[in-house]
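Dropping a prediction and its sequence here:
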Amino acid sequence: MTPSPGLTVTHRRYVPYSHAHYGGSLVDGAYVLGLFGDVATELAVRGDGDEGLLAGYDEVTFHAPVRAGDVIEVAATLERVGRRSRAVSFTAQVVCRAEPARGDSAAAVLDPPLLVVSARGTVVVPG
C-alpha cells in the first residue's frame, strides 16, 4: 500500500474555554500542534495502513491567535512519498469564532476562514 500525493485528511474541533492559558482567551500554539499530530495519524492510517510517527516539523508559522470558543479546522495533505518518509503540509484555520461582545453564547461563521497556523513536517512509517 503506497499512498499518492494529494491525499488530504481534515478534522474540525471546538476549542473549549478550559484550554485558554492567556488573557483574551488565547490558546497556546502547542494546542494546534497536537491537532496536527492527530490529523497526521489519520493520514498515515489511510495512506499506509499504519499510524506512523510524526517525526518532526520543517517549518511552523503562527499567522493569527487561536481563542477559546473557536471552531478550528486542521488539514494534513500528503506532498511527497519516500520509501518510509512522507512529507506533509498542515493548515489550521478558524471557521467559527465566539463573539462575547454580542452575548455570552454569541458566535459567527468566518467566511472566509482565518488561517491561524501552517506547517510542513515529516511522517515516518514502517518499511
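Thanks, I have the structure now. Source: prediction; values computed, not measured.

hey, what's the residue positioned nearest the centre of the chain bridged with?
In the chain, the centroid-proximal residue (CA atoms, centre = their mean) is residue 74; its distance is 3.2 Å. Beta-bridge pairing of residue 74 under DSSP bridges involves residue 11, residue 92.

what's the answer for the one 4 residues further on, then?
Partner residues in beta bridges with residue 78, using DSSP bridges, are residue 88.

list the helices and strands the worst-scoring helix or strand of the chain on mean pLDDT packs on?
In the chain, the helix or strand scored least confidently by mean pLDDT, DSSP states H and E is strand 20-22, which has a mean of 92. Helices and strands touching strand 20-22, by 3 or more CB pairs under 8 Å, 6 or more residues apart in numbering; DSSP states H and E, are strand 26-27. Heads up, the C-betas are built off the backbone N, CA and C, glycines and all.

if we look at the strand it packs on, which residues are touching it?
15, 19-21, 65-68, 70 (CB atoms under 8 Å, 6 or more residues apart in numbering).

Partner strands of that strand, with direction?
strand 20-22 (antiparallel), strand 66-67 (antiparallel).

can you put those strands in JSON lines and add mean neighbour count?
Shown next, in JSON lines, are these (neighbours: other CB atoms under 10 Å):
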{"stretch": "strand 20-22", "mean neighbour count": "13"}
{"stretch": "strand 66-67", "mean neighbour count": "24"}
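
Pipe these into CSV and attach distance to residue 34 per row.
Below are the strands paired with strand 26-27 laid out as CSV (distance: least, CB to CB, whole Å):
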stretch, distance to residue 34
strand 20-22, 13
strand 66-67, 12
